Structures are given as C-alpha cells and as structure tokens.
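K.L.:
just to be clear, the model below is a prediction. Sequence and coordinates:
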Amino acid sequence: MSAREHDLHEIREAVAKLCASFPMEYWRETDRERRYPTEFVTALTRAGWLSCLIPEEYGGSGLTLAAAAAVLEEIQKSGANGAACHAQMYTMGTVLRHCSEAQKKKYLPKIAKGELRLQAFGVTEPSAGTDTSSIRTTAVRKGDRYVINGQKVWTSRAEHSDLMLLLARTTPREQVQKKTDGMSVFIVDMKAALGKGLAIRPIRTMINHATTEVFLEDLEIPAENLVGEEGQGFRYIIDGMNAERILIGAECIGDARWFVAKATAYANERKVFGRPIGQNQGVQFPIARAHMAAEAAALMVERAAGLYDSGKPCGPEANMAKQLAAEASWQAGDMCLQTHGGFGFAEEYDIERKFRETRLYQIAPISTNLVLCYLAEHVLHLPRSY
Ligand SMILES: Cc1cc2nc3c(=O)[nH]c(=O)nc-3n(C[C@H](O)[C@H](O)[C@H](O)COP(=O)(O)OP(=O)(O)OC[C@H]3O[C@@H](n4cnc5c(N)ncnc54)[C@H](O)[C@@H]3O)c2cc1C
C-alpha cells in the first residue's frame with residue numbers, strides 16, 4: 001500500500017466508524033420527516049471532516065480533494081445521505097482559490113471550528129436553468145455596498161447554512177463581449193440578511209435534501225464580500241463546479257458500492273426454488289456488471305481528483321467522473337431493487353430511499369445531456385449544439 005493509499009485507508013476507516021453510530025433507522029426517520037440530519041452534520045463537523053479541505057493555517061486539516069472524496073464516498077457507502085453537508089467541501093473550490101486573504105481569515109477558522117456553516121451555493125435560477133449566463137439576479141454597486149435583486153431556485157441547505165456563495169450579474173449580458181463575463185460571486189451572510197432583503201422558501205422533493213427557493217429584494221451586502229474581481233465570477237464558480245463534480249462522483253461511487261454489497265448479501269441469503277437466488281446467472285450477472293461499472297467509474301473519479309489536486313485543468317475528467325459515477329450508481333440502484341424483488345420497495349431495506357437519492361445525480365449538479373454537450377464540444381470539437 002502506498003503512503004497515499006494508507007492515508008486514505010485510515011480516513012475511510014475513521015469515517016466508517018463515525019457513520020456506524022448513525023443507524024439506518026436514523027436515516028429512515030430523517031427521510032420520512034424530511035428533517036435535516038443536524039446530529040450527523042454536527043458529528044462530522046466536530047470530527048473535522050467537513051473542514052478537511054481548509055488549510056491548516058486556518059484551522060482545517062489541509063487535506064487533498066482526493067481525501068475529501070474518500071470521506072464523502074465512505075459516507076454514502078455506509079448507507080447515509082451525505083447531501084446534507086457536501087457543499088461545505090465543494091464550495092472550497094471557489095473559496096480557497098479566489099477569496100482574499102482577509103476573507104479567508106474572517107471565515108475559514110470559524111467554518112473549521114463549526115461556528116459557521118458554508119453550505120449554500122446559489123447559482124441556479126428558475127428562468128435560466130442550465131444556461132447560467134442567463135441568470136437575472138443582479139448586484140449593483142452603491143458606494144461601499146452591493147444591492148442584490150433576483151431569485152434563486154434549488155438552493156439546497158439554505159435554511160441550515162450561515163453563509164451562501166451567490167452568483168449574480170454585475171454587468172448586463174448585452175454589455176459584455178462574452179456572455180459568461182460580467183457575473184460576480186459574493187459571500188452572503190444569510191443569518192444577517194434573513195428578513196432584510198432575503199427570504200427562503202423550502203421546496204418539498206422526493207428526497208430529503210433541504211432544498212429551497214431564495215428571494216433577494218434590495219438586499220444590501222458590504223462590497224468587501226465580493227469574491228475576487230468583479231465580472232470574473234463565472235470562472236470562479238467553474239473552479240467550484242469541477243470540485244463539486246468530482247465530489248459528487250465520489251458520492252455516487254459510495255452509493256454504487258452500497259447497492260452492490262447489499263444486493264450481494266441478499267442474493268447469497270435469499271432462497272427461492274430451494275437455492276440462493278444468487279446462484280442464478282440472471283441474478284448474479286447484473287450484480288457483477290454493476291460492480292464493474294462502479295470500479296471503472298471510480299478510476300475516473302480518482303484521476304479527476306488527482307488532476308485537480310495538482311492544479312492541472314480537469315474539466316473533461318471532472319465531467320466524465322460525475323457522469324460515469326452517476327450512471328454506475330443508478331445502474332447499481334436499479335439492480336439492487338430488482339435483486340430484492342418486492343422487498344426492495346419496503347422502507348426498512350433502505351433501498352428505495354437510496355434509489356431515490358442517487359437518482360438526483362443524473363440531474364444535479366449538471367444534467368447528463370449537458371455533460372455530453374460539454375464533451376462533444378470541448379473535447380471532441382464537434383459543433384456546439386445549443
Ligand atoms: C434536489 C436538487 C438540489 C439542487 N441543489 C442546488 C444547489 O444547491 N445550488 C444550485 O445552484 N443548484 C442546485 N440544483 C439545481 C441543479 O443544478 C439543476 O436542476 C440542474 O443543473 C438542471 O437545471 P434545470 O433543473 O434548470 O434543468 P433545465 O436546464 O431546465 O433542463 C431540463 C432538461 O433539459 C435538458 N436540456 C436543457 N438544455 C439542453 C440542451 N441544450 N441539450 C440537451 N438537453 C438539454 C437537461 O439535460 C434536462 O434534462 C439542485 C437541483 C435539485 C433537483
């Protein structure tokens with residue numbers, strides 16, 4: 001085992017141990033009640049896992065994205081739902097690379113200590129959808145403040161976060177050369193803004209994801225909360241998005257491995273026609289296929305994380321990692337449900353919950369079609385289709 005593998009192995013063991021103290025009944029109950037798993041998020045924060053990407057000088061453990069990916073994969077592999085907290089890791093892609101020293105000193109030590117949560121990422125808007133450059137939320141500079149107006153949708157965990165990274169237009173689309181220019185990223189102190197220009201409305205969904213709509217009306221924030229340079233926000237968000245895709249890919253690998261393990265155990269134990277169902281090739285081949293797809297996708301996640309950690313461009317790999325892993329987890333979820341026959345539908349087997357949860361990653365943070373569009377255009381140099 002290499003030193004790197006050894007470190008990741010230790011991380012996985014520690015995370016698995018923490019997750020084991022949250023039994024499946026905890027996840028069933030939070031899912032049933034659509035309740036935020038505060039206890040789990042607090043335990044992860046106290047153990048330092050949610051600040052693992054924050055450099056040591058700001059109170060974190062300064063681990064690599066590969067290590068953060070191992071943490072999230074292990075969470076999912078335990079049967080838990082890590083969506084409650086993954087944003088604190090992927091927002092670091094933007095924060096660590098583009099926030100000023102003063103901003104890092106102000107926020108990162110508190111995030112590392114668990115005094116502040118940075119769990120909200122406000123990009124998607126109802127009318128823009130995947131076409132991020134069409135966002136309508138505006139931020140207008142007025143002296144030492146920005147005044148923000150607009151609406152975001154699917155801003156997950158907004159009710160459980162102190163801070164939000166927000167993307168807004170600072171120059172109208174028709175006044176910029178490239179449509180991705182003229183957008184800026186801001187750190188919004190949501191607790192201070194709530195009721196003073198910021199309103200949050202939860203959206204009930206098929207999964208327990210604490211997602212919301214966010215309304216911004218003449219919200220004033222200090223100009224010092226601008227991240228990096230005005231107008232360059234799309235580029236900064238992309239850095240966060242690559243990290244996000246890799247981390248979500250890792251979560252999908254964890255899901256896929258959970259489904260494969262669960263199906264294998266059941267196929268060995270369940271006897272029909274006087275023998276284990278797993279003795280039938282019609283049952284074992286889909287499990288073997290799902291395993292193979294997950295392990296192949298895991299290699300791409302690893303490769304993308306390695307490129308990201310060495311500061312190299314990783315757009316194609318991050319997109320491929322997310323897509324291959326999301327397809328593998330969905331394939332494994334479908335296989336696991338089929339392997340369990342009718343029992344797969346019963347809440348107490350946890351499969352139906354994980355099946356619903358892992359389905360999200362065909363759509364968020366970017367839908368499968370758009371990953372294909374990206375690869376077709378930017379890697380294969382086919383004509384842009386949209
Ligand atoms: C539970 C949940 C949590 C989320 N959390 C967050 C969050 O925290 N922060 C945030 O900013 N966003 C979040 N999102 C938003 C998510 O990133 C978007 O839903 C996703 O990017 C797709 O955008 P859309 O829903 O507007 O779909 P649309 O852009 O309207 O697309 C609809 C469908 O059309 C397809 N499509 C669109 N254009 C094309 C094209 N040119 N070619 C081929 N197919 C096309 C898409 O692939 C998709 O299948 C979340 C979404 C969900 C459901």
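P.N.:
Received the coordinates, thanks.
K.L.:
surely residue 307 touches residue 320?
P.N.:
No. Counting by CB atoms under 8 Å, residue 307 stays clear of residue 320, with 11.4 Å between them. Every C-beta, even on glycine, is put in place using the N, C-alpha and C of the backbone.
K.L.:
tell me the secondary structure at residue 181.
P.N.:
coil (DSSP: H, G, I helix; E, B strand; the rest coil).
K.L.:
hmm, residue 234 and it touching each other?
P.N.:
Yes. Counting by CB under 8 Å, residue 181 does reach residue 234; the two are 7.3 Å apart.
K.L.:
neighbour count winner among those two?
P.N.:
residue 234 (21 against 17; other CB atoms under 10 Å).
K.L.:
residue contacts, the more buried one?
P.N.:
Going by CB atoms under 8 Å, 6 or more residues apart in numbering, residue 234 touches 132-133, 167, 180-181, 183.
K.L.:
switch the cut-off to 6 Å
P.N.:
180, 183 (CB atoms under 6 Å, 6 or more residues apart in numbering).
K.L.:
and the host helix or strand of it with the ligand, contact?
P.N.:
Using DSSP states H and E, residue 234 maps to helix 233-269. No. Using CB under 6 Å from any ligand atom, helix 233-269 never reaches the ligand; the gap is at least 9.2 Å.
K.L.:
give the pairing partners of the helix or strand just after that helix; include direction for each.
P.N.:
Using DSSP H and E, the helix or strand that follows helix 233-269 in sequence is strand 271-272. Strand pairing for strand 271-272, determined by DSSP bridges: strand 275-276 (antiparallel).
K.L.:
mind listing residues that contact the strand it pairs with?
P.N.:
With CB under 6 Å, 6+ apart as the criterion, strand 275-276 contacts residue 268.
K.L.:
one more time with 10 Å, if that's ok
P.N.:
266-270, 283-284 (CB atoms under 10 Å, 6 or more residues apart in numbering).
K.L.:
ok so, going back, of all the residues in the helix holding residue 234, which ones are buried?
P.N.:
Buried residues in helix 233-269, counted by 16 or more other CB atoms under 10 Å: 233-264, 266-267.
K.L.:
repeat for stretch 77-90
P.N.:
Across stretch 77-90, burial judged by 16+ other CB under 10 Å covers 77-90.
K.L.:
what do you get for stretch 337-354?
P.N.:
Within stretch 337-354, the residues that count as buried by 16+ other CB under 10 Å are 337, 339-340, 344, 349-354.
K.L.:
so which residues on the stretch 101-250 of the chain come close to the ligand?
P.N.:
Applying CB under 6 Å from any ligand atom, one finds that the stretch 101-250 of the chain approaches the ligand through 121-124, 129-130, 154-156, 205, 209, 211.
K.L.:
can I get those residues in CSV including neighbour count and pLDDT?
P.N.:
Output for those, formatted as CSV (neighbours: other CB atoms under 10 Å; pLDDT from 0 to 100):
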residue, neighbour count, pLDDT
121, 26, 95
122, 27, 97
123, 24, 96
124, 18, 97
129, 13, 92
130, 13, 94
154, 21, 98
155, 27, 98
156, 24, 97
205, 14, 97
209, 21, 97
211, 20, 97
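K.L.:
tell me the mean pLDDT over stretch 280-296?
P.N.:
The average pLDDT within stretch 280-296 is 98.
K.L.:
that older thread, could I get the average pLDDT for the helix holding residue 234?
P.N.:
Helix 233-269 shows a mean pLDDT of 96.
K.L.:
looking at the buried residues of stretch 337-354, which are in helices?
P.N.:
Mapping the buried residues of stretch 337-354 onto helices (DSSP state H) picks out 337, 339, 351-354.
K.L.:
residue ranges with poor pLDDT in the chain?
P.N.:
Applying pLDDT under 70 to the chain flags residues 1, 3.
K.L.:
the same query, at a cut-off of 90, please.
P.N.:
Applying pLDDT under 90 to the chain picks out residues 1-7, 85, 88, 90, 93, 238-240, 386.
K.L.:
all strands for it, in order.
P.N.:
Taking DSSP state E, the strands of the chain run over residues 118-122, 138-142, 145-153, 163-169, 183-189, 198-202, 212-222, 226-227, 271-272, 275-276.
K.L.:
please list all residues in contact with the residue of the chain at minimum distance from the ligand.
P.N.:
In the chain, the residue that lies nearest the ligand is residue 129 (2.8 Å; CB to the nearest ligand atom). Contacts of residue 129 were listed using CB under 10 Å, 6+ apart, and they are 135, 153, 367, 370.
K.L.:
relative to residue 72, which of those residues is nearest.
P.N.:
Comparing the contacts of residue 129 against residue 72 with CB to CB places residue 367 closest, at 20.5 Å.
K.L.:
can you tell me the closest non-neighbouring residue to that closest one?
P.N.:
Once flanking residues are discounted, residue 367 sits nearest to residue 130: 6.5 Å by CB to CB, 6 or more residues apart in numbering.
K.L.:
what of residue 382?
P.N.:
That would be residue 376: by CB to CB, 6+ apart, it lies 4.4 Å from residue 382.
K.L.:
would you mind measuring from that neighbour to residue 315?
P.N.:
Relative to residue 315, residue 376 is positioned 13 Å away (criterion: CB to CB, to the nearest Å).
K.L.:
of these two, which one has the most company?
P.N.:
Legend: neighbour count by other CB under 10 Å for residue 376 and residue 315, higher for residue 315 (17 against 14).
K.L.:
what number of residues lie near residue 326?
P.N.:
30.
K.L.:
how about the nearest residue to residue 157, chain neighbours excluded?
P.N.:
residue 119 (4.1 Å).
K.L.:
pretty sure the one you found sits against residue 211.
P.N.:
No. Using CB atoms under 10 Å, residue 119 is not in contact with residue 211, being 11.6 Å away.
K.L.:
for residue 72, give me its contacts.
P.N.:
Residue 72 neighbours (CB under 10 Å, 6+ apart): 15, 49, 82-83, 85-86, 89-90, 246-254.
K.L.:
and with 8 Å instead?
P.N.:
Residues near residue 72 by CB under 8 Å, 6+ apart: 82, 86, 89, 247, 250-251, 254.
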